[in-house]
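A.B. asks: attaching a predicted model along with its sequence, questions to come.
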Amino acid sequence: MWYYTDMKKPGSANSSNELRGDYTHAAQDYAVPQDHGAYTDAEHDRWRRLYERQVGLARKHAARAFLDGLERLDCADGIPDFEQASAVLSEATGWRIVAVPGFIPDEIFFDHLANRRFPVTRWIREEHELDYLVEPDVFHDFFGHVPMLLDPIFADFMAAYGAAGERARAMDAVPMLARIYWYTVEFGLIREKGEIRAYGAGIVSSAGETVFSTTDPDVLRVGFDPVRIMRTAYAIDSFQSTYFVIDDLSQLITGLVDLDFGPIYERYRETDPLPADRPQDGDTLIQLTDLREDATHD
Ligand code: HBI
Ligand code: FE
């Protein structure tokens, strides 16, 4: 996965060793035209191959809401046209897509989300990056994130996350809020019919992590706990060592609406985060074997 602290400003030139997107023509909100007609056949073909591989794994391991959303987007045949997808999205949940050159600053990102605009990177990864890349591309952003935005509950949660950004920024606590995004939107797992399934975009856009996160018998799977999440460090360049599991998408709303973030930020923002590779007191640990037994009682 990725993490960037050095942002490019709209209009600034590219140099090597930096974000690879072209920021020269970006607006102040970092929006760019998608220019759908400019994608090459090779790029559309790369999308088709990525799609085909991931959709097979997703059917086995991804959340119902993700699969439903993906189907409605009808995007197997090539890099999707954001305008068409935005029409489907806005009809369903009031969201739309805005094309961006790549990673954008926190405050701009939060503002887009709060206003139900999801920033999607316009370029696609290179041929040698089919398994892994360090920056989000159109496959991660669109295939990974957009299907869940067709779910009304998840759509509301994402907008609320964006709206929470301002206070986190004012209180110097963006890293704490960002961990909520990381462990839900990017790497969230959900319990469905006695199985662990993935709804996080970082998982469902990765072949290796789709299988690992949902089937590895030893990785830590902890019941959703927002304060624990805000205190927990995460890995940016390897599979996660802890995943947080929700029982239902509505838990993202109910678990967060009543939370008074101010005092939590005050209390923990200066303390070292908890390591991600070990359980903490108070964790509800979820074992795959227990789940299968649960399923027989349904
Ligand atoms: N920009 N394009 C893009 N995509 C992201 O996922 C993203 C971003 N900027 C900031 C950001 N994520 C996170 O650091 C925020 O959740 C804090
Ligand atoms: Fe992402």
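C.D. replies: Yep, it's here. Ligands and ions are numbered 1, 2, ... in the order given.

A.B. asks: what about whatever residue of the stretch 1-150 of the chain ends up closest to ligand 1, which helix or strand?
C.D. replies: Relative to ligand 1, the nearest point of the stretch 1-150 of the chain is Phe109 (3.7 Å; C-beta to the nearest ligand atom). The C-beta positions use only the backbone N, C-alpha and C, and glycine is treated the same way. Taking DSSP states H and E as the criterion, Phe109 maps to helix 106-114.

A.B. asks: returning to that earlier point: tell me how many other residues surround the residue of the stretch 1-150 of the chain closest to ligand 1.
C.D. replies: 19 (other C-beta atoms under 10 Å).

A.B. asks: now do the same contact list for it.
C.D. replies: Pro119, Gly162, Gly165 (C-beta atoms under 8 Å, 6 or more residues apart in numbering).

A.B. asks: show me which residues of the stretch 101-250 of the chain are close to ligand 1?
C.D. replies: With C-beta under 6 Å from any ligand atom as the criterion, the stretch 101-250 of the chain meets ligand 1 at residues Phe103, Ile104, Asp106, Phe109, Pro119, Pro136, Val174, Ala178, Tyr181.

A.B. asks: show me where the stretch 151-298 of the chain has helices.
C.D. replies: Using DSSP state H, counting those that start in this stretch, the helices of the stretch 151-298 of the chain run over 152-170, 174-181, 201-204, 207-215, 226-230, 250-257, 261-268, 288-297.

A.B. asks: of the ones you listed, which shows the lowest average pLDDT?
C.D. replies: Ranked by mean pLDDT, those bottom out at helix 288-297, with a mean of 67.

A.B. asks: okay, and the helix or strand of this protein with the least pLDDT?
C.D. replies: In the chain, the helix or strand scored least confidently by mean pLDDT, DSSP states H and E is helix 288-297, which has a mean of 67.

A.B. asks: next one: Gly69 from Arg278, what distance?
C.D. replies: Per C-beta to C-beta, to the nearest Å, Gly69 is found 34 Å from Arg278.

A.B. asks: who's more crowded, the two?
C.D. replies: Legend: neighbour count by other C-beta under 10 Å for Gly69 and Arg278, higher for Gly69 (25 against 10).
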